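Got a predicted structure plus its sequence, pasted below:
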Amino acid sequence: MTLALFVKLILVSGLLVFFRKDFKFRIKFDFLAVVIGIVIFLIWIVIDGVYPHLDIMVISLQYSTLDIILKLIISVIIASIVEEFFTRFFLIRWLIDHHWEKVELGKYTLFSFIITILFFGLSHSRWLAGLIVGILLNLLYYKRKNIESCVLAHAVANLALGVYVLYTGNFGFW
């Protein structure tokens, strides 16, 4: 488990460092993003079990301390950045125009709104929570017209979920 997590962390971190010059990215405090992050966490927990998941997850109860640290780093930092940059920075704009770099941040079309929600929701085994979260993150993106607020909301949600998992021992969320 630890080796796979470590390799994922190194690969994605390397890619982020390699492409860092292409993006101006600074996280700053955004109260609305933090509130949405907490709401996302609550949605993830509260509606779990009331609908079928897309896959059968294998729950490992054999997490070492290093596994837990790596999992937290990956979910809070790496996954938040990668998922938000792909979905809301790139895909939502690419669906509007294949010359996505020319599309202003926060530009809305119904088509890109729906497709990114479906993509985000269905890329998670907890698809219903993913769909709702996709809506919330898209709305935050349109309101703030930046990617940093979405990354912050996603990171807050993943951090809260990580704390919940560690506190309750419900590793099925990981």
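Noted; the coordinates are in hand.

Would you mind pulling up the elements that the longest helix seen in the chain packs against?
Ranked by number of residues, the top helix in the chain under DSSP state H is helix 148-168. If contacts are counted by 3 or more CB pairs under 8 Å, 6 or more residues apart in numbering; DSSP states H and E, helix 148-168 sits against helix 31-46, helix 65-73, helix 79-84, helix 127-144. Yep, even glycine has a C-beta here, placed from its N, CA and C like the rest.

ok, the residue positioned nearest the centre of the chain - contacts?
Of all residues in the chain, the one closest to the mean position by CA atoms, centre = their mean is Ser80, 4.2 Å from it. Residues touching Ser80, when contacts are defined by CB atoms under 8 Å, 6 or more residues apart in numbering, comprise 151-152, 154-155, 158.

ok, and the most crowded of the residues you listed?
When neighbours are counted as other CB atoms under 10 Å, the busiest of the contacts of Ser80 turns out to be His154, with 27 neighbours.

pLDDT value on the nearest residue to that residue once chain neighbours are set aside, please?
Ranked by CB to CB, 6 or more residues apart in numbering and with sequence neighbours excluded, the top spatial neighbour of His154 is Ser80, at 4.0 Å. According to the prediction, Ser80 has pLDDT 92.

Next: Ile43.
With respect to pLDDT, Ile43 has a value of 97.

Right, I'll call it a day here.
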